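Peer 1: fold the following.
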Amino acid sequence: LRLYIDREAGVPNRPSSNTRPQLAVLGLMLAFGLVTGLVIGFEFLDDRVRGPAEIEAAIGGPAPTAIPLLSSGRLDRVLLDQPDEPAGTAIRSLVIRLNRERIHHHARVFAFCPSGPGVGNTGLALNAAHGLARFVPKVLLLSFSPSALKATPAGVALLKEPSGLIDAVTHDAERGLDLVTINLAGERLPSKVGVATLIDRMRRAYDIVVLDLGVVPQDDLALSMLNEVDSVIFTAREDMTLYAELRRGIDAASIAGVPSLTAVLNGSRRPPVNRLALRLQTGLHQVTVWHRRAREEWKRRMKRGGAA
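Peer 2: As a prediction, this is how the structure comes out:
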């Protein structure tokens with residue numbers, strides 16, 4: 001085997017090709033792709049409720065008007081101090097919806113249930129009772145949130161002896177309704193028979209009863225009261241409530257056989273002024289809704305397949 005050298009190799013004095021433009025384009029593509037992937041991934045993985053679309057997907061139908069975030073003032077005094085503000089208008093719309101439920105479906109006991117702590121459930125329940133007091137003469141608000149409202153001294157005794165309802169009631173002349181606030185800290189929960197007896201007595205004494213309950217299904221008392229109410233309103237807060245928690249409460253109410261249920265979004269922010277940003281946000285929300293519906297449908301099919 002003989003090898004011949006045609007010519008000796010020389011030292012290169014210039015690059016064979018310029019790859020800088022290709023590297024720059026590749027870097028830009030990777031940067032935009034990474035940002036887009038992070039945004040879409042965050043949209044899919046973030047389980048917080050961020051708009052009315054998630055509320056409608058959770059309840060499977062149209063939701064009440066979202067209540068805008070208050071710029072000032074207290075939520076529990078919106079109808080008293082700021083009735084013409086956007087939040088006041090939204091709450092009045094919810095009240096009208098509840099009153100229609102009373103007229104057309106004879107609903108008299110409405111339960112407000114939070115989807116988690118700090119969503120403003122007590123404030124909405126108090127405003128709803130205040131608004132409904134303009135349609136009927138006798139309205140009672142029964143609250144189990146002593147941190148938001150002052151506890152009634154005879155409230156705990158009321159659960160043990162429902163006949164003492166009159167003694168446990170305090171009248172709110174400013175709103176034109178009666179209040180009972182119960183602090184169950186360290187107290188034994190009443191039986192289901194006692195809960196049913198109490199609600200039946202309240203039905204006979206009042207035209208409308210509004211209940212401010214705890215988180216369903218974690219709160220045993222709230223879960224037992226769902227069997228006795230006519231309508232449940234779940235309260236969710238934008239960028240705070242988890243979609244899975246909202247769905248768990250709605251499923252528990254459906255299993256309990258509640259005749260009517262809905263959910264309202266509290267603390268909603270104004271949509272962006274930029275139309276392009278608004279369309280992008282709406283599109284991402286819609287994709288998220290489709291993804292969640294597909295995931296729930298897949299879970300249902302897997303359960304059916306496992307049961308078979």
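
Peer 1: for beta bridges, what are the partners of Ser143?
Peer 2: Thr181, Asp212 (DSSP bridges).

Peer 1: hang on, isn't it packed against Val180?
Peer 2: Yes. Here Ser143 reaches Val180: they are 7.2 Å apart, a contact under C-beta atoms under 8 Å. From N, CA and C alone the C-beta is placed, and that goes for glycine too.

Peer 1: those two: which is more packed in?
Peer 2: Taking neighbours as other C-beta atoms under 10 Å, Ser143 and Val180 compare with Ser143 leading, 26 against 21.

Peer 1: all strands of the stretch 51-200 of the chain, in order?
Peer 2: Per DSSP state E, counting those that start in this stretch, the stretch 51-200 of the chain carries strands over the ranges 67-68, 109-114, 139-143, 170-172, 177-181.

Peer 1: save those strands as TSV, and put in distance to Leu98 and mean pLDDT too.
Peer 2: Below are the strands of the stretch 51-200 of the chain laid out as TSV (distance: least, C-beta to C-beta, whole Å; pLDDT from 0 to 100):
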stretch	distance to Leu98	mean pLDDT
strand 67-68	14	94
strand 109-114	6	96
strand 139-143	11	94
strand 170-172	18	91
strand 177-181	14	91
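
Peer 1: what's the closest of these to Ala244?
Peer 2: Judged by C-beta to C-beta, the one of the strands of the stretch 51-200 of the chain that comes nearest to Ala244 is strand 109-114, at 14.7 Å.

Peer 1: give the partner strands of that closest one in its sheet and their orientations.
Peer 2: Strand 109-114 is paired, per DSSP bridges, with strand 208-212 (parallel), strand 231-237 (parallel).

Peer 1: what's the local residue count around the closest residue to Phe135 other than its chain neighbours?
Peer 2: Nearest non-adjacent residue to Phe135, counting by C-beta to C-beta, 6 or more residues apart in numbering: Asn99, 5.0 Å away. Asn99 has 18 neighbours, counted by other C-beta under 10 Å.

Peer 1: how close does Asn99 sit to Arg92?
Peer 2: In this view, Asn99 and Arg92 are 10 Å apart by C-beta to C-beta, to the nearest Å.

Peer 1: cool, and Thr65?
Peer 2: 9 Å.

Peer 1: and Val293, what is it in contact with?
Peer 2: If you look again at residue 293, you'll see it is Arg, not Val. Counting by C-beta atoms under 8 Å, 6 or more residues apart in numbering, Arg293 makes contact with Ala57.

Peer 1: and it, what pLDDT?
Peer 2: With respect to pLDDT, Arg293 has a value of 76.

Peer 1: for it, which three-state class applies?
Peer 2: helix (DSSP: H, G, I helix; E, B strand; the rest coil).

Peer 1: count of neighbours near the residue nearest to Leu98 when sequence neighbours are not counted?
Peer 2: The shortest distance from Leu98 to any non-neighbouring residue, by C-beta to C-beta, 6+ apart, is to Phe110 (5.9 Å). By the measure other C-beta under 10 Å, the count of residues near Phe110 is 22.

Peer 1: for Phe110, list each beta-bridge partner.
Peer 2: Val210, Ser231.

Peer 1: now do the one 4 residues further on
Peer 2: In this entry, Pro114 is beta-bridged to Thr235, by DSSP bridges.

Peer 1: surely it is in contact with Gln218?
Peer 2: No. Here Pro114 does not reach Gln218: they are 10.3 Å apart, not a contact under C-beta under 8 Å.

Peer 1: so those two - more neighbours on which side?
Peer 2: The neighbour comparison of Pro114 against Gln218 (other C-beta under 10 Å) goes to Pro114, with 28 against 13.
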